[in-house]
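Novice: just to be clear, the model below is a prediction. Sequence and coordinates:
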Amino acid sequence: MESKPLTIHNMSVAYQKKPVLRDISFEVPEGKLIGIVGPNGAGKSTLIKAALGLIPSLSGEVSIYGKPYAEQRKLVGYVPQRESVDWDFPTNALDVVMMGRYGHLGWFKRPGSSEKRIAMECLAKVGMSDFADRQISQLSGGQQQRIFLARALAQDAKLYFMDEPFVGVDAATEKAIITLLNELKMQGKTVLVVHHDLATVKEYFDWLMLLNVEIVAFGPTEQIFTADKLQQTYGGKLTMLDRGNQSSLIMSGS
């Protein structure tokens, strides 16, 4: 039987003894766009970071295509939250994208003309060719996010983790990002996206995880994105208005 892109078994994470994730277990199917949603403090970003070994977990096993992450790094791409990046670091857009190729080069090889060509192709895919020589500190928030997506593309991974890629970007960039995610899916890649805008969930994702310290529900979006399950996840702070085919969601005060 073929291994799944991502399997997590009995993962728990705590910060200063406070549980942030409790007993998380799930398997991700291949070739899907998967949204991870839940209230603030639900553990969404923590889930991605723990899966990648960026923060320690109290318990649990993570496997990428049946093996530990340390053995499968080349297969995994990661787009962190934009606010967690030092944008004043003195480097230009092209160099950031070329960093995505380092896993293919090994420790001692320097990137050459083929790496530069691939990086430029990835910049073109996100509409940033003209900004290759621009310092990353001089880019807008949306442009910075596009650069990080281009770096992930350059990595040519099979499994992608993206932590709130749509936050703080303009409508054109959001459209460019979702187009790109759908292209990755068409190529058979698997993409997990931490997402906050419930209004676009049905449009964007094939599968959905509702998370609030524990997994409330996980599966195909049309089965999971229901008023009952959302109410469970958000603790009664959610009103769902259904007008024909369009669902709108209203968050009330906590």
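Specialist: Noted; the coordinates are in hand. Predicted model, so just to flag it, every value in this text is computed and none were measured. Residues are numbered from 1 along each chain as shown.
Novice: neighbours around the closest residue to V126 other than its chain neighbours, how many?
Specialist: Once flanking residues are discounted, V126 sits nearest to R146: 4.1 Å by C-beta to C-beta, 6 or more residues apart in numbering. All C-beta spots, glycine's among them, are computed from the backbone N, C-alpha and C. Neighbour count for R146, taken as other C-beta atoms under 10 Å: 26.
Novice: ok but R146 is inside a helix, no?
Specialist: Yes: judged by DSSP: H, G, I helix; E, B strand; the rest coil, R146 forms part of a helix.
Novice: hang on, it packs against G127?
Specialist: Yes: contact criterion C-beta atoms under 8 Å: R146 and G127 qualify, at 6.6 Å.
Novice: now do the shared contacts for those two.
Specialist: Overlap between the contact sets of R146 and G127, as judged by C-beta atoms under 8 Å, 6 or more residues apart in numbering, is given by A176.
Novice: any idea how far the residue nearest to V126 is from L21?
Specialist: In this view, R146 and L21 are 30 Å apart by C-beta to C-beta, to the nearest Å.
Novice: before we move on, what about M11?
Specialist: M11 sits 6 Å away from L21, taking C-beta to C-beta as the criterion.
Novice: OK, contacts around G142?
Specialist: For G142, counting by C-beta under 8 Å, 6+ apart, the contacting residues are 168-170, 172-173.
Novice: quick one: low-confidence residue ranges for this protein.
Specialist: Residues of the chain that meet the criterion pLDDT under 70 lie in 1-2, 102-112, 236-254.
Novice: show me where it has its strands.
Specialist: 6-15, 18-28, 33-37, 59-64, 76-79, 159-163, 190-194, 207-212, 214-220, 238-243, 246-251 (DSSP state E).
Novice: just give me the residue closest to the centre of this structure.
Specialist: The residue lying closest to the centre of the chain (C-alpha atoms, centre = their mean) is M162, at 1.5 Å.
Novice: coming back round to it: please enumerate the shared neighbours of M11 and L21.
Specialist: 47, 50, 57.
Novice: most surrounded residue in the residues you listed?
Specialist: Of all those, the highest neighbour tally under other C-beta under 10 Å goes to L47, namely 27 neighbours.
Novice: right, and that one touches L211 too?
Specialist: Yes: using C-beta under 8 Å, L47 is in contact with L211, at 6.8 Å.
Novice: pull up the overlap in contacts between these two.
Specialist: I36.
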